[in-house]
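# below: sequence and its predicted model.
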2 protein chains.
Amino acid sequence: MSSKFLSLNPEKQERILNAALKEFALKGYENASTNEIVKTAGISKGLLFHYFNNKKELYQFLYNHFADVMVEEFFNELDLSERDIFERMKTLMILKNKLMARHPEVFDFMVAASMETAEEVKEILNNTNTELIQASYSRLFENIDITRFRDEVDIQRAINIIMWTLQGFSNQELEKAKKLNKAHHDFDEAFKEVEVYIEMMKKAFYKNV
Amino acid sequence: MSSKFLSLNPEKQERILNAALKEFALKGYENASTNEIVKTAGISKGLLFHYFNNKKELYQFLYNHFADVMVEEFFNELDLSERDIFERMKTLMILKNKLMARHPEVFDFMVAASMETAEEVKEILNNTNTELIQASYSRLFENIDITRFRDEVDIQRAINIIMWTLQGFSNQELEKAKKLNKAHHDFDEAFKEVEVYIEMMKKAFYKNV
DNA sequence: ATGTAATTGACCGATGTGGTCAATGATAAT
DNA sequence: ATTATCATTGACCACATCGGTCAATTACAT
């Protein structure tokens, strides 16, 4: 019963959610220990199971909660006035990296969730994700100026190439950051490469300049 | 003692190694179960610990063995006569994907190993990797024609951009393959995008055409 | 028939699991 | 001061699994 949980002291709510987030991200659903969660949350075992009937219910609440939070934060800060698709994707990536630096534990949890094999978890993800992601995807390309492209094929190809390229960049930077200081990372220098790259793309896909 | 193990019937050797590979890849070092390994290998618990004194020794042997095997196979098939750096990187990626399709379990294991947190494992990886990777890296760029570049900076930048781009592509294709048929994947269509991309890069980095 | 090596699986103590529940503490109403 | 209500505790449960051992059995060569 999450109603009981929601009417709880917010500071304690957060402590419990963060403890669970960390544990699930680190160990995965099945190996995550409720004992460990209550220990780091500083509450008793009984209390956790007073708020959530069982492990699965806790996980479900957790996933929905943080998915909502991150999506909201993402679109609050995404600049939708940028009409150039390449520049839009660049800001999108920058924002993604910002959010990853700001909430690394949440991203760890989400990544771990997407790799889960437990049937109970897959079920939860399907329910939550389909609506959430589909709604988000169209908003990502809202208001884009497509008149500069040679034709429709180019648009789709540009999107594809942008997506996998920036993803590769993002992963590499993330890895580098983890190896260097294990905390947040300054992307400024790395983005100089991205600038070069973006100009390259424009030349390749746009009718003129 | 691996000498005992090595003088064992090769078919049984393989059964044991594959079972262990699978289990470690799936669960990670600490959560991997030796009980599960012997069950899928079809041998008794005692026999496993007759060949390897303990869990760590088994893991160590496993890692060294498959690292050797994959590196050897990789360089056996890599075309080092291609002197254009962009084309070389393309064939390199194609080869990597081929090997991933051919030995997905080995790659799963390697990825899992690189994410291990157990101190015992990190120690093993350090010992094995440093020599192995450093030796490989120089071979990757052996015999490359650098006369077409404008200057040294361009070469380094090209390598960086190639690396993270192809990595992003590779990951995306891998994910797609997993979602579609969960087995091997036909990269032919996807590589059309890569062709476009490679031409783009050449234009951007080479002195002429 | 004998010696040697391969192989078994019951067994060990230790640790940890998700979940329960009787008991206690705190708070507010009477 | 008494009572009723709710939050909170942590010892406890039965069970599962862990890495590792070892006396006993089987297979095989001499």
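Arrived safely.
# please count neighbours and contacts with C-alpha atoms only from this point.
Will do.
# contact residues of chain A facing DNA strand D?
A:4, A:8, A:42, A:43, A:44, A:45, A:46, A:47, A:50 (CA under 7 Å from any atom of the strand).
# just these: which are in helices?
Mapping the residues of chain A next to DNA strand D onto helices (DSSP state H) picks out A:4, A:45, A:46, A:47, A:50.
# include neighbour count when you put the residues of chain A next to DNA strand D into TSV, please.
Converted to TSV, the residues of chain A next to DNA strand D look like this (neighbours: other CA atoms under 10 Å in any protein chain shown):
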residue	neighbour count
A:4	10
A:8	13
A:42	13
A:43	15
A:44	13
A:45	14
A:46	9
A:47	10
A:50	14
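# for residue B:108, see how far away residue A:26 is.
18 Å (CA to CA, to the nearest Å).
# show me what secondary structure element comes after the worst-scoring helix or strand of chain A on mean pLDDT.
Least confident helix or strand of chain A, by mean pLDDT, DSSP states H and E, is helix A:152-180 with a mean of 71. Sequence order places helix A:188-205 as the next helix or strand after helix A:152-180, per DSSP states H and E.
# which neighbouring elements make contact with that following helix?
helix A:85-102, helix A:152-180, helix B:188-205 (3 or more CA pairs under 8 Å, 6 or more residues apart in numbering or on different chains; DSSP states H and E).
# could those be laid out in a markdown table, adding mean neighbour count and distance to residue B:89?
Shown next, in a markdown table, are those (neighbours: other CA atoms under 10 Å in any protein chain shown; distance: least, CA to CA, whole Å):
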| stretch | mean neighbour count | distance to residue B:89 |
| --- | --- | --- |
| helix A:85-102 | 18 | 25 |
| helix A:152-180 | 17 | 15 |
| helix B:188-205 | 15 | 10 |
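# how about these, which one is nearest residue B:74?
Among the helices and strands packed on helix A:188-205, the nearest to residue B:74 by CA to CA is helix B:188-205 (19.8 Å).
# quick check: angle from the closest one to helix B:85-102?
Calculated by axes from the mean of the first three to the mean of the last three CA atoms, to 10 degrees, helix B:188-205 forms an angle of 160 degrees with helix B:85-102.
# what sits against residue A:16?
Residue A:16 makes contacts with A:37, A:38, A:41, as judged by CA atoms under 8 Å, 6 or more residues apart in numbering or on different chains.
# actually, residue A:100.
Per CA under 8 Å, 6+ apart, neighbours of residue A:100: A:106, A:107.
# need the residues of chain A near DNA strand C, please.
A:30-36, A:45-47, A:49, A:53-56.
# at 10 Å instead, please
By CA under 10 Å from any atom of the strand, the residues of chain A that approach DNA strand C are A:23-24, A:27-38, A:44-50, A:52-58.
# inside helices: which ones of those residues?
A:23-24, A:27-31, A:34-38, A:45-50, A:55-58.
# which members of the residues you listed are classed as buried?
A:23, A:24, A:27, A:28, A:29, A:34, A:37, A:38, A:48, A:58 (16 or more other CA atoms under 10 Å in any protein chain shown).
# nearest spatial neighbour of the last one, skipping sequence neighbours?
Setting aside the residues directly before and after it, residue A:58 is nearest to residue A:52 in space (CA to CA, 6 or more residues apart in numbering or on different chains), at 5.6 Å.
# quick one: the one you found and residue B:146, what's the gap?
Distance of residue A:52 to residue B:146, computed by CA to CA: 63 Å.
# what's the answer for residue A:208, then?
Where residue B:146 is concerned, residue A:208 sits at a distance of 31 Å (CA to CA).
# more neighbours: those two, which one.
residue B:146 (15 against 10; other CA atoms under 10 Å in any protein chain shown).
# please tell me how far the closest residue to that one other than its chain neighbours sits from chain A.
Leaving aside its chain neighbours, residue B:146 sits nearest to residue B:155 (7.4 Å; criterion: CA to CA, 6+ apart). Taking CA to the nearest CA, to the nearest Å as the measure, residue B:155 falls 13 Å from chain A.
# whatever residue of chain A ends up closest to chain B and residue A:93, how far apart?
Going by CA to the nearest CA, chain B is nearest to residue A:168 of chain A, at 3.2 Å. Remark: distance between residue A:168 and residue A:93 (CA to CA) = 11 Å.
# just give me the neighbour total for residue A:115.
With other CA under 10 Å as criterion, residue A:115 counts 12.
# next one: phi and psi at it?
phi -100, psi 0 (degrees, to the nearest 10).
# again, but for residue A:149
phi -80, psi 150.
# which residues does it contact?
Here residue A:149 is in contact with A:155, A:205, A:206, A:207 (CA under 8 Å, 6+ apart).
# closest one of those to DNA strand C?
Taking CA to the nearest atom of the strand as the measure, residue A:155 is the one of the contacts of residue A:149 closest to DNA strand C, at 47.2 Å.
# wait, the closest one sits on residue A:145?
No. Counting by CA atoms under 8 Å, residue A:145 is not a contact partner of residue A:155; they are 10.4 Å apart.
# let me know the pLDDT of the most centrally placed residue in chain A.
When chain A is reduced to its mean C-alpha position, the nearest residue by CA atoms, centre = their mean turns out to be residue A:107, at 5.3 Å. Residue A:107 is assigned a predicted lDDT (pLDDT) of 88.
# in space, what's closest to it - neighbours in sequence excluded?
residue A:100 (6.3 Å).
# and the gap between the one you found and DNA strand C?
27 Å (CA to the nearest atom of the strand, to the nearest Å).
# what values do phi and psi take at residue A:118?
phi -60, psi 130.
# per-residue confidence at it?
88.
# give me the neighbour count for it.
12.
# so how far is DNA strand C from it?
13 Å.
# quick one: residues contacting that residue.
Shown in contact with residue A:118 (CA under 8 Å, 6+ apart): A:29, A:30.
# so how far is residue A:56 from it?
For residue A:118, the distance to residue A:56 - CA to CA - is 11 Å.
# repeat for residue A:134
Counting by CA to CA - residue A:134 and residue A:56 are separated by 25 Å.
# which bits of chain A sit near chain B?
A:157, A:161, A:164-169, A:171-172, A:193, A:200-201, A:204 (CA under 8 Å from any CA of the partner chain).
# for these, which one is nearest DNA strand D?
residue A:171 (31.2 Å).
# residues of stretch A:71-83 that come out buried?
If you call a residue buried by 16+ other CA under 10 Å, then stretch A:71-83 has these buried ones: A:74, A:78, A:80, A:82.
# same deal with stretch A:9-19?
Within stretch A:9-19, the residues scored as buried using 16+ other CA under 10 Å are A:15, A:16, A:17, A:18, A:19.
# pLDDT of it, averaged?
Mean pLDDT, stretch A:9-19: 92.
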